[in-house]
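Visitor: structure for this input, please:
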Amino acid sequence: MAIAAQKGNALEAAVAAIERQILATTPALREKTFVIESKKIICVGGVRHGVDIFVTIDLGRGYKSIFIFECKNWKKSVGKNEIVVFSEKIDMARAQHGYFIAKSFTRDAKAQAKKDARMTLLLATEHDPASVPVPFHFHFVNTVIENVAVHCETQHNSGAKSVPIDIDAVDAVLDSAKVNLRELILKWSQDACNESVNKFRSEDVPEGAYDRVADLTLNFLERQFLVDGTVMASATVSVNFKVHVFRPPVISSFEVESRGRSLAFGPISTPQGTTLQYRIVMGPSV
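Guide: As a prediction, this is how the structure comes out:
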């Protein structure tokens, strides 16, 4: 039962992602609000109905359109009884249209669906994740700062000199506003890392951690940056950091007839303790 539920959830998640992409990229809906709900329960006349995917599009001025989706990730073909039940769900949801998505349908199911003009049957194809090529060399890059050194300079009549800074014990002002110097240096450090990573050909390297060094120099206008009242002419940030390259495997791949394709990748655990999971949605194959 658990495996069957996982298979069903995988198809539902793929369909929801595909529909979200379609709605988000449709020019006519650019200014409209849409909501996609999964496993929604509607109750009509005291009878509860479960809807796999429930889409509401707010067209404005009190007009709303509702579309519902039924997803069956079954080995066997969907029969006419499931179609009859789904037709009733379309009624109960007051939906403009309903899409029934499965790997195959019986002849009776197809005939039954033709009786309801508000229903469309769509075929879903599931591909073996192990045989699916990863598009666009997809990978994820994460940076971890290990050490930061900051050197600021002020300009005196006698020439430039180094100024040591205790970032937690000074008052800093940037563009006439008081700032937290530690947070400011962290931002500069991250900017330096980002600039370095942009030049790092991560698509050509195996998964792993790579040591990098980045430097960033900022030149300030007169009185733009002050530390304890002293005007700074420039600041140089030197950062030692690691670039972590992740290449998560494809864990599911579905194509829904005329709608699109969805690839889900395995979860990533970052050094910061965050878990991320990615999905790529593409248009249908021609």
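Visitor: now do residue 240: how many residues are near it, please.
Guide: Look at residue 240: counted by other CB atoms under 10 Å, it has 13 neighbours. Every C-beta, even on glycine, is put in place using the N, C-alpha and C of the backbone.
Visitor: and the closest residue to it other than its chain neighbours, how far from residue 221?
Guide: Distances taken as CB to CB, 6 or more residues apart in numbering put residue 147 closest to residue 240, at 4.2 Å, once the chain neighbours are dropped. Residue 147 sits 29 Å away from residue 221, going by CB to CB, to the nearest Å.
Visitor: next one: the helix or strand hosting residue 143 to chain centre, how far?
Guide: Residue 143 is part of strand 140-156, with elements assigned from DSSP states H and E. The chain centroid and the centroid of strand 140-156 are separated by 29 Å under CA atoms, centre = their mean, to the nearest Å.
Visitor: then stretch 131-140?
Guide: The answer for stretch 131-140 is 16 Å, by CA atoms, centre = their mean.
Visitor: swap in stretch 24-42?
Guide: 16 Å.
Visitor: wait, the residue nearest to residue 240 sits on residue 242?
Guide: No: using CB atoms under 8 Å, residue 147 is not in contact with residue 242; the gap is 10.7 Å.
Visitor: dump stretch 60-71 to CSV, restricted to CA.
Guide: What follows is stretch 60-71, C-alpha atoms only, in CSV (Å, rounded to 0.1, in the frame of the first residue of the first chain):
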residue,chain,number,x,y,z
GLY,A,60,-11.4,39.0,-11.6
ARG,A,61,-14.7,40.8,-10.9
GLY,A,62,-16.1,37.7,-9.2
TYR,A,63,-15.4,35.3,-12.1
LYS,A,64,-13.5,32.1,-11.3
SER,A,65,-12.7,29.0,-13.3
ILE,A,66,-12.2,25.6,-11.8
PHE,A,67,-10.3,22.7,-13.3
ILE,A,68,-9.8,19.3,-11.6
PHE,A,69,-7.4,16.4,-12.3
GLU,A,70,-7.5,12.8,-11.4
CYS,A,71,-4.3,10.8,-11.5
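Visitor: buried stuff in it?
Guide: Buried residues in stretch 60-71, counting neighbours by 16 or more other CB atoms under 10 Å, are found at 66-71.
Visitor: repeat that for stretch 199-209.
Guide: 200, 202.
Visitor: ends of it, what's the gap?
Guide: With CA to CA, to the nearest Å applied, stretch 199-209 spans 16 Å between its terminal residues.
Visitor: quick check: which element contains residue 121?
Guide: Under the criterion of DSSP H and E, residue 121 resides in strand 119-126.
Visitor: from the contact counts, what lies against that strand?
Guide: Contact analysis of strand 119-126 by 3 or more CB pairs under 8 Å, 6 or more residues apart in numbering; DSSP states H and E lists helix 2-24, helix 80-93, strand 97-102, helix 107-113, strand 250-256 as its packing neighbours.
Visitor: after the first one, which helix or strand is next?
Guide: Spelled out, it's helix 2-24. strand 33-44.
Visitor: just the CA trace of that next one, in PDB.
Guide: Output of strand 33-44 as PDB, limited to C-alpha atoms (Å, rounded to 0.1, in the frame of the first residue of the first chain):
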ATOM      1  CA  THR A  33      -4.200  34.700  -9.700                       C
ATOM      2  CA  PHE A  34      -4.300  30.900  -9.700                       C
ATOM      3  CA  VAL A  35      -4.200  28.400  -6.900                       C
ATOM      4  CA  ILE A  36      -3.200  24.700  -7.200                       C
ATOM      5  CA  GLU A  37      -4.300  22.400  -4.400                       C
ATOM      6  CA  SER A  38      -3.300  18.800  -4.000                       C
ATOM      7  CA  LYS A  39      -5.500  16.200  -2.400                       C
ATOM      8  CA  LYS A  40      -8.400  18.600  -1.800                       C
ATOM      9  CA  ILE A  41     -11.500  17.300  -0.100                       C
ATOM     10  CA  ILE A  42     -14.800  18.900  -1.200                       C
ATOM     11  CA  CYS A  43     -18.100  18.200   0.600                       C
ATOM     12  CA  VAL A  44     -21.400  18.600  -1.200                       C
END
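Visitor: tell me what it is packed against?
Guide: helix 2-24, strand 47-60, helix 80-93.
Visitor: possible to save those as TSV with mean pLDDT and distance to residue 176?
Guide: TSV is the format used below for those (pLDDT from 0 to 100; distance: least, CB to CB, whole Å):
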stretch	mean pLDDT	distance to residue 176
helix 2-24	89	40
strand 47-60	92	43
helix 80-93	96	57
